[in-house]
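A.B. asks: next input, structure requested:
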Amino acid sequence: ERGELLRAVADAIGADLTPHQRQVLVSLAIDGVPIDVLAERLGTNRNALYKALHDARQRLRAVLADKGFAI
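C.D. replies: Below you'll find the model as predicted:
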């Protein structure tokens, strides 16, 4: 069951997020890039990155719920 959830998360990251959301989510949540470093790299600010991360997580939860996963 865990493997199925992980596959669904990976699929949703690849298919259902915008490129920007995907980049922010992967950089911050998976690669562990500090938010200030990412903000500088992308020429943006922390608040914009927090918003993109929030939107990405919200979208992932919705997609996974639609696929029947209890989140």
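A.B. asks: residues in contact with the closest residue to Gly14 other than its chain neighbours?
C.D. replies: Using C-beta to C-beta, 6 or more residues apart in numbering and skipping the chain neighbours, the partner closest in space to Gly14 is Arg22 (7.4 Å). Placement of C-beta: from N, CA and C, glycine included. With contact taken as C-beta atoms under 8 Å, 6 or more residues apart in numbering, Arg22 is in contact with 13-14, 56.
A.B. asks: now Arg22: how far from Leu60?
C.D. replies: 10 Å (C-beta to C-beta, to the nearest Å).
A.B. asks: and for those two, which residues touch both?
C.D. replies: Joint contacts of Arg22 and Leu60 (C-beta under 8 Å, 6+ apart) are Ile13.
A.B. asks: can you tell me, leaving aside adjacent residues, what's nearest to the spatially most central residue of the chain?
C.D. replies: In the chain, the centroid-proximal residue (C-alpha atoms, centre = their mean) is Leu25; its distance is 3.4 Å. Distances taken as C-beta to C-beta, 6+ apart place Ala56 nearest to Leu25, at 4.4 Å, with adjacent residues excluded.
A.B. asks: could you dump the helix or strand of the chain with the lowest mean pLDDT to PDB, C-alpha only?
C.D. replies: Least confident helix or strand of the chain, by mean pLDDT, DSSP states H and E, is helix 2-16 with a mean of 95. Output of helix 2-16 as PDB, limited to C-alpha atoms (Å, rounded to 0.1, in the frame of the first residue of the first chain):
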ATOM      1  CA  ARG A   2       2.800   2.400   0.800                       C
ATOM      2  CA  GLY A   3       4.500   1.700  -2.500                       C
ATOM      3  CA  GLU A   4       1.300   2.400  -4.300                       C
ATOM      4  CA  LEU A   5       0.900   5.800  -2.500                       C
ATOM      5  CA  LEU A   6       4.500   6.700  -3.300                       C
ATOM      6  CA  ARG A   7       3.900   5.900  -7.000                       C
ATOM      7  CA  ALA A   8       0.800   8.000  -7.000                       C
ATOM      8  CA  VAL A   9       2.600  10.900  -5.400                       C
ATOM      9  CA  ALA A  10       5.400  10.700  -7.900                       C
ATOM     10  CA  ASP A  11       2.900  10.500 -10.800                       C
ATOM     11  CA  ALA A  12       1.000  13.500  -9.400                       C
ATOM     12  CA  ILE A  13       4.100  15.600  -9.000                       C
ATOM     13  CA  GLY A  14       5.100  14.900 -12.600                       C
ATOM     14  CA  ALA A  15       1.600  15.200 -14.200                       C
ATOM     15  CA  ASP A  16      -0.500  17.500 -12.000                       C
END
